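Provide a 3D model corresponding to the input given below.
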Amino acid sequence: MSTSEVTDPSTIAEMEETIARISSHKGVEGVMIMNRQGAMIKSTLEDKEQTTAQSAELSNLTAKASSVVALLNPDDELKFLRIRSKQREILVSPEKEYILVVIQNPNAVE
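Alright, predicted model coming up:
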């Protein structure tokens with residue numbers, strides 16, 4: 001699924017605005033929007049092959065994390081997932097139909 005496959009113009013405009021707003025923050029290296037199955041809809045990352053691999057893995061990880069949250073409390077749901085390594089931070093915000101992912105350098109200086 002690509003941006004061209006998202007038929008609602010207001011949805012496309014909202015995605016573009018969200019990506020622009022997030023990308024303007026210090027340390028942000030990339031923003032990805034994918035469907036719940038991991039198919040890329042929009043990405044600011046340049047390496048398409050790596051982006052495709054990352055989106056698939058992050059989609060699987062989000063599904064697993066959602067399952068764990070539901071297992072702990074069936075009335076609860078995953079709202080946000082944060083992964084931090086020495087060099088990067090991956091922020092995952094699962095929504096009903098989409099997953100928003102931000103990759104940033106938490107040690108970035110202006």
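
who's in contact with Tyr98?
For Tyr98, the contacting residues are Ile33, Met34, Asn35, Arg36, Ile41, by C-beta atoms under 8 Å, 6 or more residues apart in numbering. For glycine as for every other residue, the C-beta is placed from the backbone atoms N, C-alpha and C.

show me which of those is closest to Asp76.
Closest approach between these and Asp76, by C-beta to C-beta: Arg36, at 18.0 Å.

from memory that closest one sits against Ser59, does it?
Yes. Using C-beta atoms under 8 Å, Arg36 is in contact with Ser59, at 6.9 Å.

just the element for the nearest residue to Asp76 once chain neighbours are set aside, please.
Take Asp76 and drop its neighbours on the chain: the residue closest to it by C-beta to C-beta, 6 or more residues apart in numbering is Val69, 5.4 Å away. Val69 is located in helix 48-72, with elements delineated by DSSP states H and E.

next structured bit after the least confident helix or strand in the chain by mean pLDDT?
Using mean pLDDT, DSSP states H and E, the weakest-scoring helix or strand in the chain turns out to be helix 9-23, at a mean of 88. Using DSSP H and E, the helix or strand that follows helix 9-23 in sequence is strand 28-35.

buried stuff in that following strand?
For strand 28-35, the neighbour count (16 or more other C-beta atoms under 10 Å) marks Val28, Gly30, Val31, Met32, Ile33, Met34, Asn35 as buried.

please apply the same query to stretch 41-51.
Buried residues in stretch 41-51 (16+ other C-beta under 10 Å): Ile41, Lys42, Ser43, Thr44, Leu45, Thr51.

which of the residues you listed fall within strands?
Ile41, Lys42, Ser43 (DSSP state E).

thank you, goodbye.
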